[in-house]
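Q: Predicted structure and sequence below. I'll ask about it afterward.
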Amino acid sequence: MDAGVLSRFDGQSKLLVRSLLSGASGAHRAVGVFRRQQRANPEMSLLNFIKTVCQDEVICSDTEAQPLVVKPLVCQFPALFKQNLLSFIYLVQPVLPQASILHLLKCLSLDPRPNPWVTALVRQLERNMGAHDEEPLYTPLCSQRLKELSQCLVGVGENGEWAKCFSRQTVGAESQIASSLLEPGMQRKRKSSFVALDSDGEETGQLSKRIKTDVCGSAFLDAAEQNAKDVIAAEAPAEDVQPGPDSPRDALPELIKVSVLQIKELLESQAEWDQSSIDEFKVLIECDPGQVEIICSMLRLPDLPESALPKLCSSILAPSPDLSYSTAATLIKSLLLEKVLSLSEPASRCLVTAATSICSRCPRPMCHALIGPVLEGKNIGNPQAELLNRLIESCLDSHYRLLVLQITLKISWSEPVLSIIHSLLDSKPDLSEELFAQFSDQLVSQGPQFTKSVKFAKMMLTVLTKYSSHVTAAHKLSLHGTLMLNETFLKKSLQAALKRISHM
């Protein structure tokens, strides 16, 4: 961009301009810049920025024979800037007067070299404000190509659905396309995919393949390929494409969607996070449980690399001393559960650090959202048991250790589970008579499958030494039968410990 054009803007507006020129994510970057400017100066307004891009400029003609023309400054910017600008305006529309937006749209309509995609976005914004509902979003050239395409597709489906779809003159489908592209928080999309033009998802997704394999002749292929290029070129500035209107994310307010985009940029950035970056995570505290679940899905938290977990968990916990139970449980499931369940070797330092930080601050949701599901999982192994033992020993007080012990009474035991139970008992939580009776029954019922298990024998020895005061005559009798089945080198020690327990 010519430095002379940038000189028209004040310092804050220049940052917005550079953001909008920065590529496919320019609109989202501009929103981030604007939000930071607002935090620094609550009186910050976009009116000066809009006024500048709308001011008249003399545009030189391509040839000397043509006179100079006066057009708005925005017309001198590339199409990518205009597309990002319109998406940015959509995202911040609530803070702008409608008159200013309409004035900007009018200026864009004066562009001597209109871009079809910019034109469609302008019309969509006008529709949002109740203007020009009758105008279709597609250009006359696009309409002509769609008609040519429909003629070649006659009879493709059972009842000629493709022909009917492309020959319709209604604007509903095109409106849906533009609406989805204007919405924030767009997900990554492969560049080779097409925008769906109807609701027939599977057939529509194969449109590009059908075009290339159709036998209508080279003339049709040329026209279709050119039309495809136009569509892809229009999509290119927005690598992230919104899901359809039925997506759960549509339930999120616009401001929350913007915050999610900022968090997504932070997660993808290699730069250090400052306090303003950490403040972005306050949105998780302000959302209800359903919204938090949608946000976790949009951010794809289960797919984050483990190296990003410590910084992310620290930032999530920083804004508030206490996350709600439901919010914490949802975050734990998204961030940690899948990674812990899939461990095939000892947990990495990053995973341990992240799990420890959350467990220390949110022990109850950690027990229900991570420790419980891992214990109940069929494939729990030594890596999982080692991590859970670290969490139990370093983060959980007696109350939550009892909670974990109660969970173990509802599952089938395995060698890794035995090590966790032993760790729990070794810390000597305060067992009630009722809980000890349940645990004793579990020992007797599951003992026969561990006759050769040293871990089971060590756990039994802990019970007989540290909890001897809990052992009643009935317990002693049932435990004696279990010890008789033991085949480990600890059998005599177990029998001696049981014999030392006396009753009145």
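A: That came through, no problem.
Q: While we're on residue 201, how confident is the model there?
A: Each residue has a pLDDT score; the one for residue 201 is 40.
Q: lowest confidence element among the helices and strands of this structure?
A: strand 240-241 (a mean of 36; mean pLDDT, DSSP states H and E).
Q: Following element in sequence after that one, please.
A: helix 254-268 (DSSP states H and E).
Q: so residue 125 touches residue 106, yeah?
A: No. Assessed by Cβ atoms under 8 Å, residue 125 is found out of contact with residue 106, at 11.4 Å. Every residue, glycine included, has its C-beta placed from N, CA and C.
Q: what residues are up against the residue most central in space within the chain?
A: What sits nearest the mean C-alpha location of the chain, by Cα atoms, centre = their mean, is residue 299, with 1.8 Å. Shown in contact with residue 299 (Cβ atoms under 8 Å, 6 or more residues apart in numbering): 260, 263, 264, 267.
Q: so where's this protein uncertain?
A: 1-4, 24, 58-69, 131-139, 153-251, 270, 319-322, 503-504 (pLDDT under 70).
Q: Got the domain ranges for it?
A: Listed by automatic domain parsing, the domain ranges of the chain are 3-128, 140-241, 248-430, 431-504.
Q: just how off-centre is the last one within its chain?
A: Mean-position distance between domain 431-504 and its chain equals 48 Å (Cα atoms, centre = their mean, to the nearest Å).
Q: From one end of stretch 265-277 to the other, what's the distance?
A: 10 Å (Cα to Cα, to the nearest Å).
Q: Ok, stretch 289-307 next?
A: Stretch 289-307 end-to-end distance (Cα to Cα) = 26 Å.
Q: Pull out the buried positions in it.
A: 291, 292, 293, 294, 295, 296, 298, 299, 301, 304, 306 (16 or more other Cβ atoms under 10 Å).
Q: same question, stretch 49-56
A: For stretch 49-56, by 16+ other Cβ under 10 Å, it's 49, 50, 52, 53, 54.
Q: what's in contact with the one helix or strand the first one maps to?
A: Which is residue 49. Per DSSP H and E, residue 49 falls inside helix 47-54. For helix 47-54, the surrounding residues in contact (Cβ under 8 Å, 6+ apart) are 8-10, 12-13, 16, 72-74, 77, 85, 96-97, 100-101, 103-104, 107.
Q: list the contacts for residue 74?
A: Contacts for residue 74 (Cβ under 8 Å, 6+ apart) come out as 53, 54, 82, 85, 104, 107, 108, 111.
Q: which SS class is it?
A: Under DSSP: H, G, I helix; E, B strand; the rest coil, residue 74 falls in the helix class.
Q: Residue 493 versus that one, what's the distance?
A: Note on residue 74: its distance to residue 493, by Cβ to Cβ, to the nearest Å, is 86 Å.
Q: Can you give me the neighbour number for residue 40?
A: 10 (other Cβ atoms under 10 Å).
Q: now swap in residue 282 and tell me
A: 14.
Q: From residue 272, how far out is it?
A: Distance from residue 282 to residue 272, by Cβ to Cβ: 19 Å.
Q: tell me which strands and helices the helix or strand harbouring residue 86 is in contact with?
A: For residue 86, the host element (DSSP H and E) is helix 79-91. Counting contacts by 3 or more Cβ pairs under 8 Å, 6 or more residues apart in numbering; DSSP states H and E, helix 79-91 is packed against helix 11-20, helix 26-40, helix 98-108, helix 116-128, helix 172-182, helix 254-268.
Q: Mind putting these into a markdown table with distance to residue 422?
A: Formatted as a markdown table, those follow (distance: least, Cβ to Cβ, whole Å):
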| stretch | distance to residue 422 |
| --- | --- |
| helix 11-20 | 57 |
| helix 26-40 | 50 |
| helix 98-108 | 67 |
| helix 116-128 | 63 |
| helix 172-182 | 55 |
| helix 254-268 | 39 |
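Q: what about the nearest residue to residue 129 once chain neighbours are set aside, how many neighbours?
A: Excluding the flanking residues, the one nearest residue 129 by Cβ to Cβ, 6 or more residues apart in numbering is residue 98, at 5.7 Å. Neighbours of residue 98 under the rule other Cβ under 10 Å: 12.
Q: my read: residue 98 touches residue 128, true?
A: No. Contact criterion Cβ under 8 Å: residue 98 and residue 128 do not qualify, at 9.9 Å.
Q: measure residue 339 to residue 363 for me?
A: 19 Å.
Q: for residue 390, same thing?
A: 14 Å.
Q: returning to what we had before: and which of the buried residues of stretch 49-56 is nearest residue 452?
A: residue 49 (76.1 Å; Cβ to Cβ).
Q: Report the secondary structure state of residue 57.
A: strand.
Q: isn't it right next to residue 71, touching?
A: Yes. If you go by Cβ under 8 Å, residue 57 and residue 71 touch, sitting 6.4 Å apart.
Q: circling back: with distance to residue 415 as added columns, please give the contacts of residue 74 in JSON lines.
A: Output for the contacts of residue 74, formatted as JSON lines (distance: Cβ to Cβ, whole Å):
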{"residue": "53", "distance to residue 415": "68"}
{"residue": "54", "distance to residue 415": "72"}
{"residue": "82", "distance to residue 415": "64"}
{"residue": "85", "distance to residue 415": "62"}
{"residue": "104", "distance to residue 415": "68"}
{"residue": "107", "distance to residue 415": "72"}
{"residue": "108", "distance to residue 415": "69"}
{"residue": "111", "distance to residue 415": "72"}
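Q: Show me which of the residues you listed is closest to residue 418.
A: Closest to residue 418, out of all of the contacts of residue 74 and judged by Cβ to Cβ, is residue 85, at 63.0 Å.
Q: Contacts only, for that closest one.
A: 20, 27, 53, 74, 77.
Q: If we use 6 Å, what do you get?
A: residue 20 (Cβ atoms under 6 Å, 6 or more residues apart in numbering).
Q: again with residue 482
A: Neighbours of residue 482 in contact, by Cβ under 6 Å, 6+ apart: 444, 447.
Q: then the helix or strand hosting it to PDB, C-alphas only?
A: Here residue 482 sits within helix 473-484, counting by DSSP H and E. The C-alpha coordinates for helix 473-484 follow below in PDB (Å, rounded to 0.1, in the frame of the first residue of the first chain):
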ATOM      1  CA  ALA A 473     -14.700 -59.800  64.100                       C
ATOM      2  CA  ALA A 474     -16.900 -60.300  61.000                       C
ATOM      3  CA  HIS A 475     -14.300 -58.500  58.800                       C
ATOM      4  CA  LYS A 476     -11.500 -60.600  60.400                       C
ATOM      5  CA  LEU A 477     -13.200 -63.800  59.400                       C
ATOM      6  CA  SER A 478     -13.900 -62.800  55.800                       C
ATOM      7  CA  LEU A 479     -10.400 -61.400  55.400                       C
ATOM      8  CA  HIS A 480      -8.800 -64.600  56.800                       C
ATOM      9  CA  GLY A 481     -10.400 -66.500  53.900                       C
ATOM     10  CA  THR A 482      -9.000 -64.100  51.400                       C
ATOM     11  CA  LEU A 483      -5.500 -64.400  52.900                       C
ATOM     12  CA  MET A 484      -5.600 -68.100  52.700                       C
END
